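Chemist: Sequence isn't available, so here's the structure alone:
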Ligand SMILES: *[C@@H]1O[C@H](CO)[C@@H](O)[C@H](O)[C@H]1NC(C)=O
Ligand SMILES: *[C@@H]1O[C@H](CO)[C@@H](O)[C@H](O)[C@H]1NC(C)=O
């Protein structure tokens, strides 16, 4: 453990290069044996859920029940998350524990090194061995923080490690979040999950969290040191591959966000217009669309749909007309009909294909 600590300290002080030499030592037999004993101790077939959220709506799912006293305003939430992140990375660096950005938090980094303004979750990852170390040495830490740019901003955070985190398999699914960094004023938190090489013999070099996100060692390491919300933070080496696998390429290029992810917990897509954003390349920020813009977009969309429907009707009518013309000629020449109807049929199919192909391209163009 001591040696690892020194290595970790070295890794974090010299950044990228030494991180390369330090994939978590999950294959170290001593470490695995130790983890196995911890696991056995904690193993309980009906392991109850450790972290609780008030729930009720999507919004309520983002608070820890123990510290929850109501849903914050958007501004309070942003302020909470900003300082929570800064405190988190500062603490982890001070404690020489390696951690990095994951999921939507990583996607936000890709755009501008900040959180996506519509995202309620903050997700980070650690290696399984860091997780175990954290459980042993830092569980229950209350970290007092004063903002560097504003001495009036004083906060306290709780690092709480799930006792089920020793178990690296998903189990009953109650405990896929391994640890939390919680703002004890309001219960908003960062979700921390550990990645472990769960099948080192069958699948060496494949790291998995309890929610079955999988990563190759070479996708993760060597970690890149970067900035996030004004603080030094790490991102996995092949962040582009990780992001496209998880979110599809579109998430990295589409500059128009309509709120598909139901960020407000509404299941009606129309409600998501409330949360539409547009990427502004000049200022490198996602800008919330104004009500007028949203209304305009809605109008445009409806007009487009109408035009598409009209075109479809036109094609249908054309087809009908041609069929009728064909019928009229039918009695005149059986053989000729045979010859005529085939290419016409084919032409119609081609036309259908062409129009639907165009619609598809139009959609694509409008998306990008
Ligand atoms: C953190 O702050 C609380 C009060 O806000 C105080 O009781 C506690 O002692 C402080 N902890 C440390 C480690 O400074
Ligand atoms: C962390 O501390 C809490 C509170 O004392 C405890 O309930 C939990 O089991 C601890 N987690 C681990 C991994 O020991």
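Modeler: That came through fine. Predicted model, so just to flag it, every value in this text is computed and none were measured. Ligands and ions are numbered 1, 2, ... in the order given.

Chemist: What lies in contact with stretch 240-254?
Modeler: The contact list for stretch 240-254 (Cβ atoms under 8 Å, 6 or more residues apart in numbering) reads 103, 106-107, 110, 213, 215, 219, 236, 367-368. In short, each C-beta sits where N, CA and C put it, glycine included.

Chemist: Could you dump these into CSV with secondary structure added?
Modeler: As requested, the contacts of stretch 240-254 are exported to CSV (DSSP: H, G, I helix; E, B strand; the rest coil):
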residue, secondary structure
103, helix
106, helix
107, helix
110, helix
213, coil
215, strand
219, helix
236, coil
367, helix
368, coil
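
Chemist: For stretch 240-255, measure first residue to last.
Modeler: Stretch 240-255 has an end-to-end distance of 17 Å (criterion: Cα to Cα, to the nearest Å).

Chemist: Could you give me the buried positions within that stretch?
Modeler: 242-243, 251 (16 or more other Cβ atoms under 10 Å).

Chemist: how about TSV for the residues you listed, with secondary structure added?
Modeler: Formatted as TSV, the buried residues of stretch 240-255 follow (three-state DSSP):
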residue	secondary structure
242	helix
243	helix
251	helix
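
Chemist: Lowest-confidence entry in the residues you listed?
Modeler: Least confident of those in the model: residue 251, at 81.

Chemist: how close does that one get to ligand 2?
Modeler: Look at residue 251 and ligand 2: by Cβ to the nearest ligand atom, to the nearest Å, they are 34 Å apart.

Chemist: average pLDDT for the helix or strand encompassing residue 87?
Modeler: Using DSSP states H and E, residue 87 sits in helix 74-94. Helix 74-94 shows a mean pLDDT of 95.

Chemist: ok, and does it reach over to ligand 1?
Modeler: No. If you take Cβ under 6 Å from any ligand atom as the test, helix 74-94 misses ligand 1, and the best it gets is 11.6 Å.

Chemist: Can you point out the buried residues in that helix?
Modeler: Using 16+ other Cβ under 10 Å as the test for burial, helix 74-94 gives 77, 80-89, 91-93.

Chemist: Tell me the helices and strands packed up against the helix or strand harbouring residue 234.
Modeler: Residue 234 is part of strand 231-235 when elements are defined by DSSP H and E. If you count contacts as 3 or more Cβ pairs under 8 Å, 6 or more residues apart in numbering; DSSP states H and E, strand 231-235 packs onto helix 74-94, strand 100-101, helix 103-112, strand 224-228.

Chemist: Reformat those as TSV; add distance to residue 123.
Modeler: Shown next, in TSV, are the helices and strands packed on strand 231-235 (distance: least, Cβ to Cβ, whole Å):
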stretch	distance to residue 123
helix 74-94	11
strand 100-101	8
helix 103-112	4
strand 224-228	12
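
Chemist: Dump those to CSV, plus distance to ligand 2.
Modeler: Formatted as CSV, those follow (distance: least, Cβ to the nearest ligand atom, whole Å):
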stretch, distance to ligand 2
helix 74-94, 16
strand 100-101, 21
helix 103-112, 23
strand 224-228, 26
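
Chemist: quick one: which of those is nearest residue 281?
Modeler: When the helices and strands packed on strand 231-235 are compared by Cβ to Cβ, helix 103-112 sits nearest residue 281, at 10.1 Å.

Chemist: Between the helices and strands packed on strand 231-235, which one is closest to residue 183.
Modeler: Comparing these by Cβ to Cβ, helix 74-94 comes nearest, at 5.3 Å.

Chemist: any idea how far the nearest residue to residue 198 once chain neighbours are set aside lies from ligand 1?
Modeler: Leaving aside its sequence neighbours, residue 198 sits nearest to residue 208 (Cβ to Cβ, 6 or more residues apart in numbering; 5.0 Å). To ligand 1, residue 208 is 35 Å away according to Cβ to the nearest ligand atom.

Chemist: pLDDT value on residue 208, please?
Modeler: For residue 208, the predicted pLDDT is 89.

Chemist: That one reaches residue 214, doesn't it?
Modeler: Yes. If you go by Cβ atoms under 8 Å, residue 208 and residue 214 touch, sitting 4.9 Å apart.

Chemist: quick one, which of the two is more surrounded?
Modeler: Counted by other Cβ atoms under 10 Å, residue 208 and residue 214 do not tie: residue 208 has more neighbours, with 20 against 13.

Chemist: is the more buried one in a bridge, and if so with what?
Modeler: In this entry, residue 208 is beta-bridged to residue 196, residue 214, by DSSP bridges.

Chemist: So residue 286: helix, strand or coil?
Modeler: Secondary structure for residue 286, judged by three-state DSSP, is strand.

Chemist: Give the burial count for it, as a bare number.
Modeler: As a burial measure, residue 286 scores 21 neighbours (other Cβ under 10 Å).

Chemist: For it, give the beta-bridge partners.
Modeler: residue 279.

Chemist: what pLDDT, on average, does the host helix or strand of residue 317 get?
Modeler: Here residue 317 sits within helix 291-329, counting by DSSP H and E. For helix 291-329, mean pLDDT is 88.
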